[in-house]
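*Asks:* the sequence and its predicted three-dimensional model are supplied below.
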Amino acid sequence: MQAAFQGRALLAGARDTLPMLLGAAPFGVIFGALAVGSGLPVWLALGMSALVFGGSSQFVAVSLLGSGTAVPVIWLTTFVVNLRHALYSASLLPHAHGLPARWRWALAFWLTDETFAVVENRLRHAAHVHDGASYWLGSSLAMYGNWLVWTVVGVVLGQSVPALATWGLDFAMVATFAAIVALQLRDRPVLWAALVAGTVALLARALPYKMGLMLAALAGVAAGLLAEHGAARRAAPASPETPP
Amino acid sequence: MSETRAWALALLGMVLVTYGLRLSFLVFGHGMAFPPWLERALRYVPAAVLTALIVPMALAPQGEIDVTLHNAYLPGALCAAGVALATRHTLAAIAGGFAVYGLWRWCLG
């Protein structure tokens, strides 16, 4: 892959990311409003969107900071929630051969679920992409600019309508997450992961340092893996050794 | 530790952790492989973490388990999940959840 700015590829990357931009917009607004509504300063809300640039981890951090969670717990939670970015980083590595270091450092900074999906799709379908880096950069910049703009809108909204906090911004988080999770529950192992995680979180909610959250997440992931393993064994009873 | 310092530290750590994970393979990853078991485990992280966050909020908003009519979080969350399943639209689900939550508090709060 060559590393030269190619305007057309840049625009194509941004254009192919357009549906993702629309999808991310409301979450940017809710994040900004939620952050200032739960008493966090504006610089922190904007700093998270500009420097962390990872929606789910930002939502989780706002919820934890709002309830006075210890800082190391927030780091650990961020690590778990964003671990999938290492997987994206690994998946895109073969496409980054020949890119100079400064391109890799930059493209890695902007690596999100959405840009990964768009770029991976394009690079998988085009055998010899010579302008892939510009395409990737275009998708990255579009997502980044979009996220910043909608965060600012949310922050302004949260500041100008202080009543938002009293009529239940914390419910906005519950509703948002409930909707996101519900859409993933069609898959049986994911259903088990959610059920076990929710139960453990409820039982362990009084543990100090929000340890109940980590415990519940680990239990949920283990339950998902177990359910997947069980399903695989039921699907292929004839072969004792199912390939991974 | 002052609140501002705790906030700044939290942000700094989040930036380092997240950027580190994104850099891992792209910049430092030659000859490394992502373990397949971890790849499978990652599929369950979002559902597990998000559910773990909201279940205590919806079932025990004040700390004690509350499944009485005074808890508007529960019907609101169930409605959001139901609309999401029915319409596959996240925004419609959030709006529906909010409507039920608001009405519930207005009628019974």
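*Replies:* Ah, there it is.
*Asks:* what's in contact with the lowest-mean-pLDDT helix or strand in chain B?
*Replies:* Here the helix or strand of chain B ranked lowest by mean pLDDT, DSSP states H and E is helix B:36-42, holding a mean of 87. Helix B:36-42 is contacted from outside by A:83-84, A:87, A:221, A:224-225, A:228, A:244, using Cβ atoms under 8 Å, 6 or more residues apart in numbering or on different chains. Heads up, the C-betas are built off the backbone N, CA and C, glycines and all.
*Asks:* for stretch A:48-58, same thing?
*Replies:* A:24, A:27-28, A:31-32, A:35, A:61, A:77-78, A:81-82, A:85, A:109-110, A:112, A:144, A:147-148, A:151, B:11, B:14-15, B:18, B:46, B:49-50.
*Asks:* what's the span of it from first residue to last?
*Replies:* Using Cα to Cα, to the nearest Å, one end of stretch A:48-58 lies 7 Å from the other.
*Asks:* list the buried residues for it?
*Replies:* Within stretch A:48-58, the residues scored as buried using 16 or more other Cβ atoms under 10 Å in any protein chain shown are A:48-49, A:51-58.
*Asks:* now, the contacts of stretch A:48-58 that are in strands?
*Replies:* Among the contacts of stretch A:48-58, no member falls in strands (DSSP state E).
*Asks:* which of the residues you listed fall within helices?
*Replies:* Counting by DSSP state H, the contacts of stretch A:48-58 place A:24, A:27-28, A:31-32, A:35, A:61, A:77-78, A:81-82, A:85, A:109, A:144, A:147-148, A:151, B:11, B:14-15, B:18, B:46, B:49-50 in helices.
*Asks:* the residue lying farthest from the centre of chain B: what secondary structure?
*Replies:* When distances are taken from the C-alpha mean of chain B, B:Gly31 lies farthest, 34.4 Å away, according to Cα atoms, centre = their mean. Per DSSP: H, G, I helix; E, B strand; the rest coil, the secondary structure class of B:Gly31 is coil.
*Asks:* ok, back up a step: just the buried members of the contacts of helix B:36-42?
*Replies:* Counted by 16+ other Cβ under 10 Å, these give A:83-84, A:87, A:221, A:224-225, A:228 as buried.
*Asks:* so where do the helices sit in chain B?
*Replies:* Taking DSSP H, the helices of chain B run over residues B:3-28, B:36-42, B:45-59, B:73-87, B:90-108.
*Asks:* quick one: buried residues of the fourth one?
*Replies:* Think helix B:73-87. Neighbour-count burial for helix B:73-87 [16+ other Cβ under 10 Å]: B:73-77, B:79-84.
*Asks:* dump those residues to CSV, plus pLDDT and distance to chain A.
*Replies:* Listed next are the buried residues of helix B:73-87 as CSV, based on pLDDT from 0 to 100; distance: Cβ to the nearest Cβ, whole Å:
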residue, pLDDT, distance to chain A
B:Tyr73, 94, 6
B:Leu74, 95, 9
B:Pro75, 96, 11
B:Gly76, 95, 6
B:Ala77, 95, 5
B:Cys79, 96, 8
B:Ala80, 95, 4
B:Ala81, 95, 4
B:Gly82, 96, 8
B:Val83, 96, 7
B:Ala84, 93, 4
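*Asks:* I'm done for today, thanks for sticking with me.
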